[in-house]
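Undergrad: What shape does this take:
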Amino acid sequence: MTSTPWNVRTTENPLIRWLGRRLTVLNARHPWNHNAHFHRWILRSVPAAATTALDVGCGRGDLITALAGVIGPGGRVDGIDPDPEMARLAASEVAPIPQARIHRRTLAEHAAWSEHAGCYDAITMVASLHHMDLDQALNQAKILLRPGGRLLVVTLTMPVTTLDQLWDLGSAVTNPLIGLVKHPRPARGPDPAAAVPVADPAWSLDELRERAGRVLPGVRIRRREGFRVTLLWQKPAVPISRGCASR
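TA: Predicted coordinates for the structure are as follows:
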């Protein structure tokens with residue numbers, strides 16, 4: 001019989017539950033956007049000569065706006081999100097940006113258009129990969145990237161090993177400290193990020209490394225603060241140039 005691994009997120013230990021409630025109060029008073037926190041990492045990692053980018057699961061469109069600034073006025077940034085409300089909010093957010101387009105669709109639907117293959121210099125996924133089938137999403141991103149393009153992912157994983165649990169515990173302790181730095185004044189009113197669709201990850205960090213490594217040889221995966229993991233993969237460059245149609 002295989003025992004269920006201990007999980008700091010779900011344990012019924014009364015002391016840890018009490019500490020968790022106290023940390024929740026502190027986090028609510030000094031909230032910070034865990035996903036936006038990694039936007040700077042993404043923007044630094046976009047290829048220098050990039051002219052096209054795709055944000056998968058674009059939410060309210062904040063990253064689209066930032067990517068448009070990196071891509072420049074002559075480029076194009078597409079955002080896709082299957083949630084009608086998120087797509088509507090993102091379209092409103094990026095309306096003043098001529099090189100930005102929002103589509104209400106899944107990654108699978110976007111990849112189904114053959115003209116999108118080899119189209120993007122950068123593909124980003126921030127807290128969206130764990131909403132999708134892992135192998136399918138990575139393969140679709142691989143097809144959509146141009147040679148030399150980069151896949152940049154910020155995701156969640158399920159804690160399984162002792163190291164996973166310790167890293168989670170460290171994130172729980174540092175979370176309010178980061179909040180104090182980023183948001184020193186106590187918050188008033190609900191956190192707007194609460195309306196974003198959420199899902200629990202279905203795979204561990206070790207499983208992510210193993211499965212992503214099969215699809216994306218040479219992929220770099222790192223544990224990060226805020227319960228997050230980052231994934232960076234650059235598609236091997238070949239001397240082939242492809243156009244990029246908009247649909």
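
Undergrad: Tell me the helix or strand right after the helix or strand containing Thr174.
TA: Using DSSP states H and E, the element containing Thr174 is helix 162-182. Downstream of helix 162-182, the next assigned helix or strand under DSSP H and E is helix 205-215.

Undergrad: What residues of stretch 199-208 count as buried?
TA: Residues of stretch 199-208 classed as buried by neighbour count (16 or more other CB atoms under 10 Å): 201, 203-205, 208. (Glycine included, C-beta is placed from N, CA and C.)

Undergrad: Could you do stretch 154-169 as well?
TA: By 16+ other CB under 10 Å, the buried positions in stretch 154-169 come out as 154-160, 164-165, 167-168.

Undergrad: Identify the residues contacting it?
TA: Applying CB atoms under 8 Å, 6 or more residues apart in numbering, the external contacts of stretch 154-169 come out as 5-9, 35, 38, 41-42, 125-130, 200-208, 223-224, 227-231.

Undergrad: From those, list just the buried residues.
TA: For the contacts of stretch 154-169, buried by 16+ other CB under 10 Å: 8, 35, 38, 42, 125-130, 201, 203-205, 208, 223-224, 227-231.

Undergrad: State the distance from Arg44 to Gly226.
TA: Using CB to CB, to the nearest Å, Arg44 is found at 17 Å from Gly226.

Undergrad: of these two, who's got more company?
TA: Gly226 (17 against 9; other CB atoms under 10 Å).

Undergrad: can you confirm the more buried one is in a strand?
TA: No: counting by DSSP: H, G, I helix; E, B strand; the rest coil, Gly226 is not found in a strand; it is coil.

Undergrad: so what's it closest to, chain neighbours aside?
TA: His34 (4.1 Å; CB to CB, 6 or more residues apart in numbering).

Undergrad: Could you list the low-confidence segments of the protein?
TA: 1-33, 175-197, 239-247 (pLDDT under 70).

Undergrad: Let me see the ranges of the strands in it.
TA: Listed from the start of the chain, the chain has strands (DSSP state E) covering 52-56, 76-80, 100-103, 120-126, 145-155, 220-223, 229-234.

Undergrad: wait, which of these is closest to Thr65?
TA: For the strands of the chain, proximity to Thr65 was assessed by CB to CB; strand 100-103 is nearest, at 7.4 Å.

Undergrad: Need the contact partners of that closest one.
TA: 58, 61, 64-65, 68, 76-81, 87, 90-91, 94, 110, 246.

Undergrad: For that strand, what is the distance to the chain centroid?
TA: Distance, stretch centre to chain centre, for strand 100-103: 18 Å (CA atoms, centre = their mean, to the nearest Å).

Undergrad: contacts for stretch 124-133?
TA: Taking CB under 8 Å, 6+ apart as the rule, stretch 124-133 contacts 34-35, 38-39, 42, 53-57, 59, 63, 67, 106-107, 137, 141, 151-157, 197, 199-203, 231.

Undergrad: Please name the bridge partners of the residue positioned nearest the centre of the chain.
TA: For the chain, the residue nearest the mean C-alpha position is Val126 (1.3 Å; CA atoms, centre = their mean). Beta-bridge partners of Val126, counted by DSSP bridges, are Val154.

Undergrad: do the same with Val229
TA: Applying DSSP bridges, one finds that Val229 bridges with Thr155, Arg223.

Undergrad: In this structure it contacts Ala212, no?
TA: No: contact criterion CB atoms under 8 Å: Val229 and Ala212 do not qualify, at 10.4 Å.

Undergrad: any shared contact partners between these two?
TA: Contacts common to Val229 and Ala212, judged by CB under 8 Å, 6+ apart, are Ile221.
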